[in-house]
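A.B. asks: Pasting a predicted model and its sequence here:
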Amino acid sequence: MKSFINIMALIVALLAIINISNFEIELGEFYYYSMAFTLTVLMILSKNVKINYLILWIIGAALISIIFNQIPSVFIPYARLMAFILIVSLVGPFIYSNTINYFRLKLFNAINIFIIYLIIASFLGLLVNSSIVFGRGGFTGFFNHSMILGPMAAIAMINSIEKAYSNKNKLFRLIYAILSFISFITCVAAGSRVALIAGLAGTLFFIYKVNQKKLTYLLKFVLILGSILILSYPIWEEYTERIISKMSYAVEMGDITVTRTHLWVLRLEEFSSSPFLGIGFASINTKIFNNQFDPYKGRIEPGTSWLAVLSMIGLLGFIPFILLLAGYMKFILKDNKTILQTAYLGSLLILFFVHMIAEGYVFSAGSGLFFYFWLLLGVLSIIKINNDNIIIK
């Protein structure tokens, strides 16, 4: 049965990667049908299925926010809620059993490998200046947008750092160290400031956690890492053009977060209009957003995950969301039994905590970042429940 689950995990990982790649393969509804089929099979194979009541609370708050708000039909809120429940049930911490947990671990391993391969390919494409790796937003690599490439490169960087740290073979440690540097350069070239900051924040947390009882070694490691980045600057300087361009524009406008500030203000205004129930799951208040919204496409630009959750489902849904994340973070910080494992997963969680300040995808079931974020929480749930070393390679 494990071989069958391994194959399913590999297929789902491929579908998730294709969904965010520039391979020009439109999955459409097949993506969701495949996820629904996989979940159904896993449920049939599972025994002693349990649920996470905080996720149930979030879903309940989302449903209430739809029922008690007049949401324009263009947002198809019920369909979006069903898609959210489906993906979170499959990869997130909502439903779990031994079988489903095994599937998620294999899926997590597979998708991380695919991301590293795509980042390497993207970097090589950049080196030869291939037109294949340029698209929406500039340098996209083999992803469908530069704003997807940035966080994926940051994820690959942390994965490579963890492998370099944990591998006992010196040659492989060197290889993964080089891969982490390639991922860093790719992240810089993507031009996403928040992805770069998030990746570095996650890296610093990893270094802190694995050396939390060795303060001298921690400071030494940070100093060495900083020195390497400074001394190697001439190598990756040419790839900073897009970030420098964005920073220059921000300075010119007198606001370092100029591309997000307005959206944050609108989200807070939405929250003020309905603080308890929110303005509606996976929607926006079209009166507040005014000309920021295309009524024919129903597209939403949240501008932030944190404020989007707060404004869409109000305090009723935001409270369990914060409790859920706080529970994982508390476990990560207090864990002294599986330090390397929690340092690794914690660094990825910190990455998302920072990245979600400027990008909104927590409720966007079709987003690759949504998929990875909830899968990360699903894996964290397994580690937290078992409180033991589980192979994540």
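C.D. replies: Everything's here; your move.

A.B. asks: Report how many residues lie close to residue 17.
C.D. replies: 22 (other C-beta atoms under 10 Å). Any C-beta I mention is one placed from the backbone N, CA and C, and that applies to glycine too.

A.B. asks: Which secondary structure state is assigned to the nearest residue to it once chain neighbours are set aside?
C.D. replies: Once its chain neighbours are removed from consideration, residue 17 has its nearest residue in residue 114; the separation is 4.7 Å (C-beta to C-beta, 6 or more residues apart in numbering). Applying DSSP: H, G, I helix; E, B strand; the rest coil to residue 114 yields a three-state assignment of helix.

A.B. asks: correct me, but residue 114 touches residue 13?
C.D. replies: Yes: Residue 114 lies in contact with residue 13 (C-beta atoms under 8 Å); the separation is 5.9 Å.

A.B. asks: Which one of those two is surrounded by more residues?
C.D. replies: Just comparing residue 114 and residue 13: by other C-beta under 10 Å the higher neighbour count belongs to residue 13, 22 against 19.

A.B. asks: That one belongs to a helix?
C.D. replies: Yes: residue assignment for residue 13, taken from three-state DSSP, places it within a helix.

A.B. asks: pLDDT weak spots in the stretch 201-350 of the chain?
C.D. replies: By pLDDT under 70, the low-scoring segments of the stretch 201-350 of the chain are 249-259, 291-299.

A.B. asks: In it, what residue spans correspond to strands?
C.D. replies: Using DSSP state E, counting those that start in this stretch, no strands are found in the stretch 201-350 of the chain.

A.B. asks: Near residue 289, how many residues? Count them for me, please.
C.D. replies: Around residue 289 sit 16 other residues, with neighbours defined as other C-beta under 10 Å.

A.B. asks: And the nearest residue to it once chain neighbours are set aside, how close does it get to residue 147?
C.D. replies: Leaving out its chain neighbours, the residue that sits closest to residue 289 by C-beta to C-beta, 6+ apart is residue 266, at 5.9 Å. When C-beta to C-beta, to the nearest Å is the yardstick, residue 266 and residue 147 sit 19 Å from each other.

A.B. asks: next one: residue 12
C.D. replies: Remark: distance between residue 12 and residue 147 (C-beta to C-beta) = 23 Å.

A.B. asks: Neighbour count: the two, which is higher?
C.D. replies: When residue 12 is set against residue 147 and neighbours are counted by other C-beta under 10 Å, the residue ahead is residue 12, at 26 against 21.

A.B. asks: Find me the pLDDT at the more buried one, would you?
C.D. replies: Each residue has a pLDDT score; the one for residue 12 is 98.

A.B. asks: isn't it right next to residue 107, touching?
C.D. replies: Yes: shown here, residue 12 and residue 107 form a contact pair, counting by C-beta under 8 Å, at 5.7 Å.

A.B. asks: any residues in contact with both of the two?
C.D. replies: Residues touching both residue 12 and residue 107 (C-beta atoms under 8 Å, 6 or more residues apart in numbering): there are none.

A.B. asks: Help me confirm that the residue nearest to residue 289 comes into contact with residue 286.
C.D. replies: No: if you go by C-beta under 8 Å, residue 266 and residue 286 don't touch, sitting 11.1 Å apart.

A.B. asks: more crowded one of the two?
C.D. replies: Using other C-beta under 10 Å as the criterion, residue 266 and residue 286 rank with residue 266 on top: 21 against 16.

A.B. asks: ok, the more buried one to residue 284 distance?
C.D. replies: 8 Å.

A.B. asks: Same question for residue 121.
C.D. replies: Applying C-beta to C-beta, one obtains 36 Å for the distance of residue 121 from residue 284.

A.B. asks: Likewise for residue 24?
C.D. replies: Taken as C-beta to C-beta, the spacing of residue 24 relative to residue 284 amounts to 30 Å.

A.B. asks: Name the residue in the two with the higher neighbour count.
C.D. replies: Of the pair residue 24 and residue 284, residue 284 is the one with more neighbours under other C-beta under 10 Å, namely 26 against 7.

A.B. asks: Now for the closest residue to that one other than its chain neighbours, how many residues are close by?
C.D. replies: Beyond its immediate neighbours in the sequence, the residue positioned closest to residue 284 (C-beta to C-beta, 6+ apart) is residue 300, lying 5.6 Å away. As a burial measure, residue 300 scores 20 neighbours (other C-beta under 10 Å).

A.B. asks: Verify the contact between residue 300 and residue 75 for me.
C.D. replies: Yes: Residue 300 is within contact range of residue 75, at 7.5 Å (criterion: C-beta under 8 Å).

A.B. asks: joint contacts of those two?
C.D. replies: Between them, residue 300 and residue 75 share the contacting residues 282, 283, 284, judged by C-beta under 8 Å, 6+ apart.

A.B. asks: Make JSON lines from those residues and add distance to residue 262 to it.
C.D. replies: Listed next are these as JSON lines, based on distance: C-beta to C-beta, whole Å:
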{"residue": "282", "distance to residue 262": "21"}
{"residue": "283", "distance to residue 262": "19"}
{"residue": "284", "distance to residue 262": "13"}
